[in-house]
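Chemist: Got a predicted model here, sequence first, then my questions.
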Amino acid sequence: MAALYRKYRPATFAEVRGQEHVTGPLQQALRTGRINHAYLFSGPRGCGKTSSARILARSLNCVKGPTPEPCGVCDSCVALAPSGPGSIDVIEIDAASHGGVDDARELRERAFYTPVSGRFKIYIIDEAHMVTQQGFNALLKLVEEPPPHLKFIFATTEPEKVIPTIRSRTHHYPFRLVPPSVLRELMQDILRKEGVAGEEAVLPLVVRAGAGSVRDSLSILDQLLAGSDESGLSYERAVSLLGFTDASLLDEIADAFAAADGAAVFRVVNRVIEGGHEPRRFAADLLDRLRDLIVLAAVPDAAASGLLDLPPDRAELMARQADRFGQAGLARAAEIVSTGLDQMRGATSPRLLLELMCAQVLLPAAATDEKSLLARLERLEKGTSAAPRQVPQSPRRPPHSASDDDAERARVPSPPARPVPQSAEPARPAPQPARPAAEPQPARPAAERPESARPAPPAARPAPEPARVRAAAPASPPAAPAPAAAGASAADSLRQSWDAILDAVKQERRVAWILLSHASVLSLEDGILTLRFPREGDMKAFSVSGHDAVLKRVLSTDLGLNVTIKGVAGGDAQTGRPGTGAPAAARPPAVRRDPVPAPSESAPPEFAGPEFTEPYDEPDDMPPGEVAPDEPSPDDRAVRNAELTGMDLIQRELGGQVIGEFEG
């Protein structure tokens, strides 16, 4: 019984699959009679070069020819059919064994004899790149000026090895690999003709193993048919015979990578090794799966549009895997697997390299490149980050107008008094007489006031008046930030995750969160994160007081990002934040602000209002040369003056709550 690739060899140009860019021009040349004396067919193995050369010889010597459609019944067509005995006027030469100068001289001597029964004498020289340079030189004059009855057809997989003087005298037709969809359709037709049934998942394996070669694909299909039973082609038998990785293993490791589940990943690797699979073949199959997931992540309808040859249920499953993985994570994982695949060639311990490759995919924080940063941001946004911190979402206050102040104050009750902690320390001196309710003043931190001006402990202070309580609307959790685009820069990804970063900073230090709420990400280049603040005082208060260390610690813990933080002042800092497309004047205020009373004699000048115009100085009632208890030293006053420039921002955001925290 003949092999499938010989049994189903094409006999006409119409039967040649996937090479329409070659068969169409050849048929037109035969139709118009513009036939050259020498042709060069090049392309990968098993794509139809020699078969097309035989069809061309059959079309030239047909009794109705030259014709693009041989009759198939004349003596020449029957002799040159795929199952025919051959013709004496069509000589096939294998240049691998007849490529020397002596063979070329013998061919040149016999070429001048006229054909016996056909119209032309045709030489089909297969593997033409094996002809030596001396052999080509011996044929050069004959190929350049042949007799009218002589035609040459060179077939080769390496056309660059044919000397230029020969190539310049031929018509060159490059053949290509056959597309997977065409190969799959061809094999379905052959299975119907053979009367063999099979599972639908078998043909994609055969197409993949054939790698675009029709002859290789039909040889593999013939092998599977020879080993099949009455039930037909089996997927399990095809996987084990061809050495491919089972799709269930690839699904399991893809899900484990997406969930950052290291235990599941290494269990799959152990199953691969225990099952006798080659680690390098498994890595190649994993890279193919990552490629399909990347295409699905970029083009959700890739299976329907023909970009991927997948059944509908398989495409739906892989689309969910791509969504959980993320585009940045997929691109990074594919790059790591591709690099590891190159390193596994000739490796003495391929399993170790495979496990190290999987460990790199699981740990995006181990690298500092842009792909790793985007992968970490995707994990943070999707809620699958491996960081120990659980970052809560801070509620946002809905907009309200100043006309609703009275109604809101009436609805909100006074906050309960704080519990008094039990302490064995002696009681502090009695506080000064309370100021009138009509003239409340912002209090100074305890560390910056003389002992005589300090207030009583929290238990001794009266509860704040209901009129001064700031109402808060019902909190609603913010919308989750959208995943970062695959081509977005690191700064854009950081802007999209800025709200989550602010929530993490809020857990560390509330004052740093207040200052950063009015800042925006300007750039992230060469490990330097530049933040823009609306005013110079806000920038100094953030950097001098050590709040930048809080932000660096959050970025390092949650994102694995080690940067140097730099601040600049000026411009509208809110315009660079994600989700603030409206101008600053059109955005609703984040908090309500009550009028600040006029300064009194008991308040220092720097606490007279929201703007601090005078530097810090000692109280007037202190003797010269003495420093009040708990007051900063003269060396620290410059630092504290820079901190005080941001106190108006803190007062507007939190009011008396921050003062209470400072005193406590």
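Modeler: Arrived safely.
Chemist: so how far is residue 250 from residue 236?
Modeler: 15 Å (CB to CB, to the nearest Å). Every C-beta, even on glycine, is put in place using the N, C-alpha and C of the backbone.
Chemist: Which one's more surrounded, those two?
Modeler: residue 250 (21 against 11; other CB atoms under 10 Å).
Chemist: give me every residue that touches that one.
Modeler: 285-286, 289 (CB atoms under 8 Å, 6 or more residues apart in numbering).
Chemist: who's in contact with stretch 223-234?
Modeler: 4, 194, 196-199, 202, 206, 237-238, 241.
Chemist: Mind giving me the PyMOL select for these, buried ones only?
Modeler: Per 16 or more other CB atoms under 10 Å, the buried members of the contacts of stretch 223-234 correspond to this PyMOL selection:
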select buried, resi 4+198+202+206+238
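Chemist: Need the contacts of stretch 223-234 in JSON lines (columns: pLDDT, distance to residue 331 and secondary structure).
Modeler: Output for these, formatted as JSON lines (pLDDT from 0 to 100; distance: CB to CB, whole Å; DSSP: H, G, I helix; E, B strand; the rest coil):
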{"residue": "4", "pLDDT": "89", "distance to residue 331": "40", "secondary structure": "helix"}
{"residue": "194", "pLDDT": "88", "distance to residue 331": "43", "secondary structure": "helix"}
{"residue": "196", "pLDDT": "88", "distance to residue 331": "41", "secondary structure": "coil"}
{"residue": "197", "pLDDT": "86", "distance to residue 331": "40", "secondary structure": "coil"}
{"residue": "198", "pLDDT": "82", "distance to residue 331": "36", "secondary structure": "strand"}
{"residue": "199", "pLDDT": "85", "distance to residue 331": "33", "secondary structure": "coil"}
{"residue": "202", "pLDDT": "89", "distance to residue 331": "31", "secondary structure": "helix"}
{"residue": "206", "pLDDT": "91", "distance to residue 331": "30", "secondary structure": "helix"}
{"residue": "237", "pLDDT": "87", "distance to residue 331": "35", "secondary structure": "helix"}
{"residue": "238", "pLDDT": "88", "distance to residue 331": "31", "secondary structure": "helix"}
{"residue": "241", "pLDDT": "86", "distance to residue 331": "33", "secondary structure": "helix"}
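Chemist: quick check, nearest of the contacts of stretch 223-234 to residue 162?
Modeler: Nearest to residue 162 out of the contacts of stretch 223-234 is residue 4 (CB to CB; 31.0 Å).
Chemist: Which other helices and strands does the top helix by length along the chain contact?
Modeler: In the chain, taking DSSP state H as the definition, the longest helix is helix 279-298. The contact analysis (3 or more CB pairs under 8 Å, 6 or more residues apart in numbering; DSSP states H and E) places helix 279-298 against helix 247-258, helix 262-274, helix 302-305, helix 312-325, helix 327-343, helix 350-362.
Chemist: I'd assumed residue 568 was in contact with residue 535.
Modeler: No. Residue 535 is beyond contact range of residue 568, at 11.3 Å (criterion: CB atoms under 8 Å).
Chemist: Pull the contacting residues for residue 187.
Modeler: Contacts of residue 187 by CB under 8 Å, 6+ apart are 203, 206-207, 217-218, 221.
Chemist: Could you list the low-pLDDT ranges of the stretch 201-350 of the chain?
Modeler: For the stretch 201-350 of the chain, no stretch is flagged by pLDDT under 70.
Chemist: can we see that at 90?
Modeler: 201-202, 204-205, 208-212, 226-248, 258-260, 274-278, 300-317, 320-329, 343-350 (pLDDT under 90).
Chemist: buried set for the helix or strand where residue 512 lies?
Modeler: Residue 512 is located in helix 510-517, with elements delineated by DSSP states H and E. Buried residues in helix 510-517, counted by 16+ other CB under 10 Å: 511-517.
Chemist: Make CSV from those and add pLDDT to it.
Modeler: Listed next are those as CSV, based on pLDDT from 0 to 100:
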residue, pLDDT
511, 81
512, 82
513, 84
514, 84
515, 81
516, 86
517, 84
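Chemist: Switch those over to a markdown table; also include distance to residue 323.
Modeler: Putting the buried residues of helix 510-517 into a markdown table (distance: CB to CB, whole Å) gives the following:
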| residue | distance to residue 323 |
| --- | --- |
| 511 | 39 |
| 512 | 35 |
| 513 | 32 |
| 514 | 36 |
| 515 | 37 |
| 516 | 31 |
| 517 | 32 |
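Chemist: right, and out of those residues, which lies closest to residue 183?
Modeler: For the buried residues of helix 510-517, the closest approach to residue 183 (CB to CB) belongs to residue 516, at 58.2 Å.
Chemist: can you give me the strands for the protein?
Modeler: Assigned by DSSP state E, the chain shows strands spanning 38-42, 90-94, 121-126, 150-156, 171-174, 520-525, 528-533, 564-569.
Chemist: Could you dump those strands into CSV and include mean neighbour count?
Modeler: CSV is the format used below for the strands of the chain (neighbours: other CB atoms under 10 Å):
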stretch, mean neighbour count
strand 38-42, 23
strand 90-94, 17
strand 121-126, 23
strand 150-156, 24
strand 171-174, 16
strand 520-525, 19
strand 528-533, 20
strand 564-569, 15
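Chemist: Adding mean pLDDT and distance to residue 134, write those out as TSV.
Modeler: Below are those laid out as TSV (pLDDT from 0 to 100; distance: least, CB to CB, whole Å):
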stretch	mean pLDDT	distance to residue 134
strand 38-42	95	19
strand 90-94	92	16
strand 121-126	94	15
strand 150-156	94	17
strand 171-174	95	23
strand 520-525	85	61
strand 528-533	87	66
strand 564-569	85	68
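Chemist: Can you convert those strands into CSV and add a column each for distance to residue 111?
Modeler: Below are the strands of the chain laid out as CSV (distance: least, CB to CB, whole Å):
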stretch, distance to residue 111
strand 38-42, 12
strand 90-94, 9
strand 121-126, 7
strand 150-156, 5
strand 171-174, 19
strand 520-525, 70
strand 528-533, 75
strand 564-569, 78
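Chemist: Which of those strands sits closest to residue 28?
Modeler: strand 171-174 (12.4 Å).
Chemist: now residue 296, nearest residue through space, not along the chain?
Modeler: Spatially, and ignoring its direct neighbours in sequence, residue 296 is nearest to residue 322 (4.4 Å; CB to CB, 6 or more residues apart in numbering).
Chemist: how many neighbours does the one you found have?
Modeler: 23.
Chemist: these two touch, right, it and residue 302?
Modeler: No. Here residue 322 lies out of contact with residue 302, judged by CB under 8 Å, at a distance of 9.8 Å.
Chemist: Mutual contacts of those two, please.
Modeler: Contacts common to residue 322 and residue 302, judged by CB under 8 Å, 6+ apart, are residue 296.
Chemist: Could you report the pLDDT at residue 500?
Modeler: Model confidence at residue 500, expressed as pLDDT, equals 85.
Chemist: Excluding chain neighbours, what is closest to residue 505?
Modeler: In space, residue 505 is closest to residue 513, 4.8 Å off (CB to CB, 6+ apart).
Chemist: Please tell me I have it right and that neighbour contacts residue 501.
Modeler: No. Counting by CB under 8 Å, residue 513 sits too far from residue 501 to count as a contact (9.9 Å).
Chemist: follow-up on the earlier one: could you pull up the residues touching the residue nearest to residue 296?
Modeler: Applying CB under 8 Å, 6+ apart, the residues contacting residue 322 are 293-294, 296-297, 330.
Chemist: Quick check: the farthest pair among the residues you listed?
Modeler: 296 and 330 (9.3 Å).
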